[in-house]
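# Give me the fold of what follows.
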Amino acid sequence: MDPLRLTLVDMNNGVTNEATRCFRRLFAAFTHRVREANPRLSINLEWVQPRNLGELPSHQVDLVLSSGGPGSPHDGWEQRWCTGYRHFLDWMMDAAVHHPDAPPAAFLVCHSYEIAVQHFRFAEMSHRGDLKFAIFPAYVTEEGRKTAFLAPFDDRVFIWEHRHWQAVEMDAHRVARQGGALLASESRPGRTDKGRALLAFRFGPGLDGTQFHPEADRAGVLAWIDRPEHASALRDAYGHSLYDRMMRTLADPARLARTYALLIPGWLTERFNRLAAVRGLHPIPPPVQSMEEFEERALAS
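The predicted structure follows:
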């Protein structure tokens, strides 16, 4: 029996943050669910750091989570780590053509997403001029609502944003030609009143991503806010009212906690079950938000 091969691509450039903990926790919960259904299945997890260590993901992989990170998406564009990572994205697309029933798959977040947007020329990566950070709603497109990992959220999903850059001016022809789709945006479809950013794409078969951070959990956001300079910057940028609303949102299980519990776990479930059907493995059920765990972690905070 072939092992299930997982990879975490850490784009944090050696900077310590909460995201790596969150991704590893998501992978741990996923592997637990897979092992419950398939006790004899071997599961291998590789952790690679392209920007600071020059490590690249192997082509011997099934499922990949690729993180955000600091700095401009143009940083190091022609350096070996970035050209190698972009070749890896091309390999993923080619593998989907050759293995359409169960291709290797990757989910790209923030910095990884920005690299893919530029590489596939789906849109222009534009500098905002100011940092957008806090919990906001993202609006799911009609195509997004047909996508398994976004379907539970209907037309609105609450997200943690932390970005200087944004994808704008989508090339709809190029997106369609590659089999991609816009899955979520900063404003409701057809409007720009809350911003023009394109927040989630399907880049092609087996390759999805978000500008925002679906891996963010309550503990991670609180760790960021608890730094006095961050809390002060948040109030200065958005006022006390939004700060207070955001704190209430963190305590609401139907908002950011639901995104953490269902979005990436839903993507991992869908992708694993495609592999399971081909490899003769037992599928796993859709993720369920654990209210007991949420309440325990809320009390611990």
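# List the residue ranges of the stretch 101-250 of the chain that fall below the pLDDT cut-off.
In the predicted model of the stretch 101-250 of the chain, residues 240 satisfy pLDDT under 70.
# residue boundaries of the strands in it?
When assigned using DSSP state E, counting those that start in this stretch, the strands of the stretch 101-250 of the chain occupy the ranges 105-109, 124-140, 156-168, 181-185, 198-204, 207-210.
# Okay, angle between the first one and strand 198-204 too, please.
Looking back up the chat, that one is strand 105-109. 160 degrees (axes from the mean of the first three to the mean of the last three CA atoms, to 10 degrees).
# hmm, back to that, out of the strands of the stretch 101-250 of the chain, which gets nearest to residue 285?
Nearest of the strands of the stretch 101-250 of the chain to residue 285, taken as CB to CB: strand 105-109 at 18.9 Å. From N, CA and C alone the C-beta is placed, and that goes for glycine too.
# now the closest one, how far from the chain's geometric center?
6 Å (CA atoms, centre = their mean, to the nearest Å).
# Begin at 45 from now on, thanks
Sure, I'll start numbering at 45, so the last one becomes strand 149-153.
# if I look at the nearest residue to residue 145 once chain neighbours are set aside, how far off is residue 143?
Nearest residue to residue 145, sequence neighbours excluded (CB to CB, 6 or more residues apart in numbering): residue 322, at 5.4 Å. Distance of residue 322 to residue 143, given as CB to CB, to the nearest Å: 8 Å.
# Repeat that for residue 295.
Residue 295 sits 43 Å away from residue 143, going by CB to CB.
# Give me the neighbour count for the nearest residue to residue 228 once chain neighbours are set aside.
Closest residue to residue 228 apart from its sequence neighbours, by CB to CB, 6+ apart: residue 244 at 3.8 Å. When neighbours are defined as other CB atoms under 10 Å, residue 244 has 28 of them.
# Quick check, residue 244 in contact with residue 225.
No: Residue 244 lies out of contact with residue 225 (CB atoms under 8 Å); the separation is 9.3 Å.
# list the residues that contact both of those two?
Common contacts of residue 244 and residue 225 (CB atoms under 8 Å, 6 or more residues apart in numbering): residue 188.
# For the residue nearest to residue 228, give me its contacts.
Contacts for residue 244 (CB under 8 Å, 6+ apart) come out as 182, 188, 194, 226, 227, 228, 229, 252, 253, 254, 255, 256.
# Not counting its neighbours along the chain, what's nearest the residue most central in space within the chain?
Geometric centre of the chain, nearest residue: residue 153, 3.8 Å, by CA atoms, centre = their mean. Using CB to CB, 6+ apart and skipping residues adjacent in sequence, the residue nearest residue 153 is residue 112, 5.0 Å away.
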